[in-house]
Each structure stands twice: as C-alpha cells, then as structure tokens.
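*Asks:* quick one, fold the following:
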Amino acid sequence: MEENQEDPPFFDNLHESYITSLAAKLDAPTSYEGAVTEHLRMSGVYWSITALSLIRSADEVDALMDLTGSIVDWVFKCADPQTGGFGGNIGHDGHMLYTLSAIQILAVADRLSDPRLDKNRVLKFISSLQQPDGSFCGDAWGEVDTRFSYCAISCVSLLGALVPGISSDDKQPPGIDLDKAVHYVASCRNFDGGFGCVPGAESHAGQIFCCVGALAIAGALHLLDDDLLSWWLAERQCDSGGLNGRPEKQADVCYSWWILSALSILGRVHWINTKKLQNFILQCQDDVDGGIADRPQDMADVFHTFFGISGLSLLGYFKAGEGESDRVYREIDPLYALPVDVVQRLNLTGQVISETINPTDERLGKYDVISRGGNINISK
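*Replies:* The predicted model follows:
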C-alpha cells in the first residue's frame with residue numbers, strides 16, 4: 001500500500017443497507033451462512049445492532065431493526081431456563097459469550113429493567129462458572145479462557161453488581177470473587193507484556209483486549225506493565241497500515257478494535273500510525289453491497305463490519321467530520337464495546353491510564369484515571 005494513498009469515502013448508506021438486510025439473508029432456508037452461524041446468532045445480532053448504533057441514532061436503529069420490539073423479544077427467547085444464562089440462539093445452552101452479547105443488546109435497547117430479565121439468575125449463572133483459581137469457564141463443559149473473564153466482569157458491571165477495585169472484604173460484587181478474578185487475569189501476563197488465553201499461552205491481541213478490558217472495568221490496571229504492553233501492541237502494525245493479532249500474521253480489520261481499544265485504555269493510540277490504519281480499514285469496505293471485510297478485496301461480514309466501524313470511531317474518524325457531513329455519529333466506548341451514550345446512561349465505571357490526569361480522549365473522562373506521573377483522578 002502506498003504511503004500517501006488517498007482514503008476512499010466511508011460508504012455510510014451502503015453499510016446501513018448491508019446491516020439491515022443481513023437477517024433476511026441468513027434466515028433464508030437455503031442460506032449456507034445462516035446454517036453455519038446459527039450457534040452464534042446472539043453475537044451476530046449484537047455486532048449488527050452496535051455497528052448500526054454507531055452510525056445511526058437510537059430512534060433510527062429502533063425504526064430500522066425493531067430493536068425494542070422483535071429483537072428484544074428474541075433475546076429473551078434465547079434465555080436458558082436450566083442455567084439462567086443466554087444461548088447463542090433459541091433452544092441453545094447458556095454460554096458466557098452469548099450471555100454478555102444478550103446483556104449488551106438489552107443495554108443498547110435500554111431494556112435492562114425489563115421484568116423478563118432475572119438479574120439474580122444471570123449473576124448466579126456467571127458465578128457458577130468461576131473456578132477456585134479465579135478463572136471462568138464458558139459453560140458447564142469446562143473450557144477456561146480469559147475471554148470468559150472479560151465476559152463475566154463486564155456482565156456483572158452492566159447488571160449493576162460490580163464493586164470496582166480489588167477488595168477482600170464483604171463489598172465483593174454478588175456472586176463472583178473479583179479479587180481472584182483479576183489476579184487470575186494478571187497471571188496470564190507474558191514476558192512480552194501481552195496476555196494469552198490461560199497462563200503460559202501465547203500473547204494474542206484478542207486476549208489482550210479481554211484482559212486489559214477486564215482489569216480496566218475492575219479498576220486493577222496497576223497489575224499490568226503498560227509500557228511493555230503498549231510496545232507489543234504498537235509492533236502489530238504492518239506495512240499495509242493494518243494491525244495483526246500476533247507476530248508474522250497478516251493484518252486483519254478486527255484487530256483495529258482489539259488493539260485500538262487496549263491502546264485507548266492505556267493512553268497510547270498515538271504510538272501507531274493512525275492515518276495508515278484508517279486508510280486500511282476504509283480500503284476493506286465493499287463499495288457495491290456495503291459491509292467491511294477482514295482485508296481488501298475479501299468478502300464483507302458483520303463481524304468485521306462492526307469492528308471496522310468501531311476502529312474508525314476509536315481513531316476519531318467520524319468526529320473529524322468524515323462520513324456523511326450532515327450526520328452526527330455516536331462513539332464507541334473502549335472498555336464496554338458499547339456506544340458511549342449507553343455507557344453514560346448506565347453510569348458504568350472503569351479505569352484508564354493517561355499521560356495526565358485529564359485524558360485527551362473525551363470519551364474516557366468519566367473513568368478513574370491513572371496518570372503516568374503517579375496521580376489518580378477519581379471521577380465523580
């Protein structure tokens with residue numbers, strides 16, 4: 001990719017059309033894509049709704065997708081009566097991943113107070129999956145992964161049951177041992193500053209977001225080496241401008257989220273060439289049917305569409321007046337992967353690191369800030 005290659009436009013209306021038409025395509029009886037993604041439909045709906053929520057207002061999203069009607073109803077049909085969690089689709093077993101996606105959808109729809117949501121049962125489901133060492137399984141079958149640590153801590157916070165910070169007294173959030181949870185996450189830190197899925201596993205950008213996000217929500221960022229980790233993340237930028245997930249891999253749009261969100265929390269987005277990354281994301285758009293692919297000339301999918309739009313948001317692309325000039329775009333929050341206005345409405349808490357007590361990224365001003373000078377600003 002040329003150093004000064006001109007940015008393509010952001011295909012705003014095409015992306016709206018791509019997202020809003022996706023359900024009908026996947027639900028078609030002959031849809032191969034619908035069949036092979038049936039088990040993760042809950043996350044697909046979350047990616048769709050949240051991507052659309054970044055380029056459209058809450059009222060427009062509801063009108064386009066019937067978010068507060070049929071989608072919310074569908075989410076509750078995916079509740080697992082046996083476990084208290086949510087499955088990836090109707091009739092599927094409860095799983096930590098899809099429970100977080102369900103709670104995130106309800107948060108965007110402003111339906112966390114819906115009487116159909118039994119918060120205590122959801123919290124009990126989450127706590128039942130915590131292991132003696134503080135880790136979390138995804139479901140009853142026992143797979144342990146730091147993704148599930150993030151899901152658990154984020155879910156508990158979204159449900160209003162998280163006490164930020166590390167505590168060993170009776171102020172622990174109901175159901176989970178937050179002290180053990182964050183120290184397990186810290187035990188997955190590697191010599192290069194990154195994090196893997198379990199202790200000793202290879203550092204990977206996706207796992208790093210999960211670990212940094214979990215520590216940020218829990219108010220425990222002092223447990224990581226922010227300089228070393230920021231260096232590892234910055235080293236993921238390829239010649240194309242895109243980011244890869246680990247050394248010697250190709251760039252992929254999804255890492256625009258996994259890495260930028262972590263760098264945002266660490267206050268180090270400026271350590272990468274943001275202009276080249278912006279160009280890479282825009283080059284991955286489908287200029288005919290809409291959507292964003294993993295890399296240029298590949299087929300678009302909703303996973304990369306969400307993370308591509310989120311990456312542009314974290315880069316400040318829309319705030320700089322790009323996209324449709326007469327449209328006001330919503331911003332993504334790097335801790336919760338939700339629109340900033342949703343996070344503010346729920347009064348969610350967290351922690352970030354910045355060069356100064358007042359971070360330059362305004363979306364982070366509501367969080368507790370650790371400055372590299374050693375000062376801590378406790379937000380009101």
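
*Asks:* can you list the weak-confidence ranges in this protein?
*Replies:* 1-4, 163-174, 320-321, 323-325, 357-360, 373-380 (pLDDT under 70).

*Asks:* what is the end-to-end distance of stretch 52-67?
*Replies:* From its first residue to its last, stretch 52-67 covers 11 Å (CA to CA, to the nearest Å).

*Asks:* now stretch 67-75: buried residues?
*Replies:* Leu67, Thr68, Ile71, Val72, Trp74, Val75 (16 or more other CB atoms under 10 Å). Any C-beta I mention is one placed from the backbone N, CA and C, and that applies to glycine too.

*Asks:* ok, how many other residues are close to Pro132?
*Replies:* 8 (other CB atoms under 10 Å).

*Asks:* Arg147 now?
*Replies:* Using other CB under 10 Å, Arg147 has 21 neighbouring residues.

*Asks:* ok, it touching Gln207?
*Replies:* Yes: here Arg147 reaches Gln207: they are 7.1 Å apart, a contact under CB atoms under 8 Å.

*Asks:* give me phi/psi at the spatially most central residue of the chain?
*Replies:* Nearest to the mean C-alpha position of the chain, by CA atoms, centre = their mean, lies Ala337 at 3.6 Å. Dihedral pair for Ala337: phi 60, psi 40, per degrees, to the nearest 10.

*Asks:* hang on, the earlier thing: between Arg147 and Gln207, which contacts overlap?
*Replies:* Cys197 (CB atoms under 8 Å, 6 or more residues apart in numbering).

*Asks:* report the contact partners of His95.
*Replies:* Gly85, Phe86, Gly87, Gly88, Gly138, Asp139.

*Asks:* about what we covered before: just the buried residues of stretch 67-75 now: which is nearest Arg41?
*Replies:* The shortest gap between Arg41 and any of these belongs to Trp74, at 8.9 Å (CB to CB).

*Asks:* what residues does the host helix or strand of the closest one touch?
*Replies:* According to DSSP states H and E, Trp74 maps onto helix 72-77. Residues outside helix 72-77 that contact it (CB under 8 Å, 6+ apart): Met42, Val45, Phe86, Ile90, Ala102, Ile105, Leu106, Ala109, Arg111, Asp114, Arg116, Leu117.

*Asks:* could you dump these to JSON lines with distance to Gly213, secondary structure and neighbour count?
*Replies:* Output for the contacts of helix 72-77, formatted as JSON lines (distance: CB to CB, whole Å; DSSP: H, G, I helix; E, B strand; the rest coil; neighbours: other CB atoms under 10 Å):
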{"residue": "Met42", "distance to Gly213": "19", "secondary structure": "helix", "neighbour count": "26"}
{"residue": "Val45", "distance to Gly213": "21", "secondary structure": "helix", "neighbour count": "26"}
{"residue": "Phe86", "distance to Gly213": "20", "secondary structure": "strand", "neighbour count": "29"}
{"residue": "Ile90", "distance to Gly213": "29", "secondary structure": "coil", "neighbour count": "14"}
{"residue": "Ala102", "distance to Gly213": "18", "secondary structure": "helix", "neighbour count": "28"}
{"residue": "Ile105", "distance to Gly213": "18", "secondary structure": "helix", "neighbour count": "25"}
{"residue": "Leu106", "distance to Gly213": "19", "secondary structure": "helix", "neighbour count": "24"}
{"residue": "Ala109", "distance to Gly213": "22", "secondary structure": "coil", "neighbour count": "22"}
{"residue": "Arg111", "distance to Gly213": "23", "secondary structure": "coil", "neighbour count": "17"}
{"residue": "Asp114", "distance to Gly213": "26", "secondary structure": "coil", "neighbour count": "13"}
{"residue": "Arg116", "distance to Gly213": "28", "secondary structure": "coil", "neighbour count": "12"}
{"residue": "Leu117", "distance to Gly213": "23", "secondary structure": "coil", "neighbour count": "19"}
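
*Asks:* tell me the one of these nearest Asp294?
*Replies:* Val45 (20.3 Å).

*Asks:* can you tell me how far that closest one sits from Lys77?
*Replies:* 12 Å (CB to CB, to the nearest Å).
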